[in-house]
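Novice: Predicted structure and sequence below. I'll ask about it afterward.
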Protein chains: 2
Amino acid sequence: MRFFVPFDAQTPKTRLAPVLDTAERSAFARAMCEDVLAAVRAAGHSPELLATDDIDVDAPVTVDDRSLSPAVNAALADADLPVGIVVADLPLATADAIERLLSPSAAVSLAPGLGGGTNALVVDDGDFRVDFHGGSYRNHRWIANDSGLTVATVDSFRLAVDVDRPSDLPEVLLHSEGHAAEWLRGAGFHLDETGDRTSLNREGAD
Amino acid sequence: MRFFVPFDAQTPKTRLAPVLDTAERSAFARAMCEDVLAAVRAAGHSPELLATDDIDVDAPVTVDDRSLSPAVNAALADADLPVGIVVADLPLATADAIERLLSPSAAVSLAPGLGGGTNALVVDDGDFRVDFHGGSYRNHRWIANDSGLTVATVDSFRLAVDVDRPSDLPEVLLHSEGHAAEWLRGAGFHLDETGDRTSLNREGAD
């Protein structure tokens, strides 16, 4: 099955600016994307990048410089169903978690993200269109309901943790041994488990 | 099966002080606890409170004023196995999520929480003891490994979201219709989905 992986090839992960500079954010975003591609492949599916600019990666790339929702909807309109969409900043994703998206027998399966987003979905009805604006998890339920489509929600921590903010980074080192975790360790980050929630420190940082 | 639910009856949820006063934090903590008790019961199990002080609730209560780990370990030592432990601040918990803790055939099943904690576990070996200090998810894996016990991890968003901080509150209104969600709505909180992650506003607040 095809899985589209939208990827911001130009200015990824701007909200990580407090802890990573521009070049680091690009490299870290690439590492997270590699983890997602690996998880989709390990689940037996075919990932394809839907990127805002050309990018050298070991997967088919479609360049579409529109914003996320129109780019994904254009891809959906041309694809055989079912088709998957998974965001590129899920370094905790595993084959098992991806596979669980496929088990519910619903027209649309959604994996919510922290803060009300949608991090992964499988679409099996041509009437469904995405809208990633605002709280997209509730948007997507409404869109499906408006078209009379059945919706399933997949209860996955690994698909819920999209890494957008510095406070998300500890989850990568806690729960992954993939490319993104390796990149963080290489950049000098390590876990600090002295507080009520685990944080990250960086060698040489203040 | 017995499920122990540790509950701070005295000063719960102090990290919510920026948005809730002392009486509100107590009431909200109780509402979250009711959601957890309901989820455990709906899964066909028997919840029991392990509280730091006597509390009027529709479940058996054991009062133990020690800190979390010794109190839970005393309960574990006296219980027939398997036995469950689930923290009281999981308002997104459902019967399905609780049931998934029981499906892995391991000596210890762990549901990680955001930030490296352990939000729920099922223990089926008398050699296992808990240690909730610091990053307890990794602690618990090490403790199990040291005793040669098999460990399973349950990938659940609903069990991962323990509500400790103001930034956790939106998840309650996004994903639950239970006691805690009803309490928040009654207190004037509503979702604000204009940002990159959904936040909460409160009527009458600045």
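Specialist: That came in fine, so what should we check first? Residues are numbered from 1 along each chain as shown, chains lettered A, B, ... in the order given.
Novice: immediately after the longest helix anywhere in chain A, which helix or strand?
Specialist: Secondary structure assigned by DSSP state H gives helix A:22-42 as the longest helix of chain A. Using DSSP states H and E, the next helix or strand after helix A:22-42 towards the C-terminus is strand A:46-51.
Novice: Quick check: buried residues in that following strand?
Specialist: Going by neighbour count (16 or more other C-beta atoms under 10 Å in any protein chain shown), the buried part of strand A:46-51 is A:47-51. All C-beta spots, glycine's among them, are computed from the backbone N, C-alpha and C.
Novice: Just name the closest of those to residue B:61, please.
Specialist: residue A:47 (50.9 Å; C-beta to C-beta).
Novice: gap between the residue nearest the centre of chain A and residue A:163?
Specialist: Residue closest to the average C-alpha location in chain A (C-alpha atoms, centre = their mean): residue A:87, at 2.4 Å. Going from residue A:87 to residue A:163 by C-beta to C-beta, to the nearest Å gives 10 Å.
Novice: Then residue A:136?
Specialist: 17 Å.
Novice: start to end distance for stretch A:37-57?
Specialist: Its first and final residues considered, stretch A:37-57 spans 10 Å by C-alpha to C-alpha, to the nearest Å.
Novice: Please identify the buried residues of that stretch?
Specialist: A:37-41, A:43, A:45, A:47-52, A:57.
Novice: ok, now stretch A:65-77?
Specialist: A:68-69, A:71-73, A:75-76.
Novice: Just name the closest of those residues to chain B, please.
Specialist: When the buried residues of stretch A:65-77 are compared for distance to chain B (C-beta to the nearest C-beta), residue A:68 wins out at 12.1 Å.
Novice: Find the nearest non-adjacent residue to that closest one, please.
Specialist: Closest residue to residue A:68 apart from its sequence neighbours, by C-beta to C-beta, 6 or more residues apart in numbering or on different chains: residue A:132 at 4.8 Å.
Novice: I'd like to know which elements the helix or strand of chain A with the lowest mean pLDDT is packed against.
Specialist: Every helix and strand in chain A was compared by mean pLDDT, DSSP states H and E; the lowest is strand A:199-202, with a mean of 91. The contact analysis (3 or more C-beta pairs under 8 Å, 6 or more residues apart in numbering or on different chains; DSSP states H and E) places strand A:199-202 against helix A:169-175, strand A:189-192.
Novice: what's the following helix or strand after the longest one?
Specialist: Along the chain past helix A:169-175, the next helix or strand (assigned with DSSP H and E) turns out to be helix A:179-186.
Novice: give the contact list for residue A:20.
Specialist: Counting by C-beta atoms under 8 Å, 6 or more residues apart in numbering or on different chains, residue A:20 touches A:13, A:28, A:187.
Novice: Likewise for residue A:53?
Specialist: Applying C-beta under 8 Å, 6+ apart, we find residue A:53 in contact with A:9-10, A:63, A:65.
Novice: Spell out which parts of chain A neighbour chain B.
Specialist: Neighbours of chain B within chain A, by C-beta under 8 Å from any C-beta of the partner chain: A:15, A:94, A:96-97, A:100, A:112, A:114-117, A:134-135, A:137-138, A:155-160, A:164, A:170-171, A:174-175, A:191, A:193-194, A:196-198.
Novice: just the buried members of the residues you listed?
Specialist: Among the residues of chain A next to chain B, those classed as buried by 16+ other C-beta under 10 Å are A:94, A:97, A:100, A:112, A:114-117, A:134-135, A:137-138, A:155-160, A:164, A:170-171, A:174-175, A:191, A:193, A:197-198.
Novice: pLDDT weak spots in chain A?
Specialist: A:205-206 (pLDDT under 70).
Novice: 80 - rerun?
Specialist: Residues of chain A meeting the criterion pLDDT under 80: A:195-196, A:204-206.
Novice: Pretty sure residue A:133 sits against residue A:69.
Specialist: Yes: Residue A:133 lies in contact with residue A:69 (C-beta atoms under 8 Å); the separation is 6.7 Å.
Novice: Which residues are in contact with residue A:92?
Specialist: A:157-159, A:161, A:171-172, A:175-176.
Novice: Which single one of these is nearest to chain B?
Specialist: Closest to chain B, out of all of the contacts of residue A:92 and judged by C-beta to the nearest C-beta, is residue A:157, at 4.2 Å.
Novice: Could you check how far residue A:189 is from residue B:138?
Specialist: From residue A:189 to residue B:138 the distance is 16 Å (C-beta to C-beta).
Novice: what's the answer for residue A:52, then?
Specialist: Counting by C-beta to C-beta, the gap from residue A:52 to residue B:138 is 37 Å.
Novice: and if you look at residue A:188?
Specialist: Residue A:188 is 20 Å from residue B:138, by C-beta to C-beta.
Novice: picking up where we left off before, now do the buried residues in the least confident helix or strand of chain A.
Specialist: By neighbour count on 16+ other C-beta under 10 Å, the buried set for strand A:199-202 is A:199-200.
Novice: Contacts for that strand, please.
Specialist: By C-beta under 8 Å, 6+ apart, strand A:199-202 touches A:19, A:166-167, A:169-170, A:173, A:184, A:187-192.
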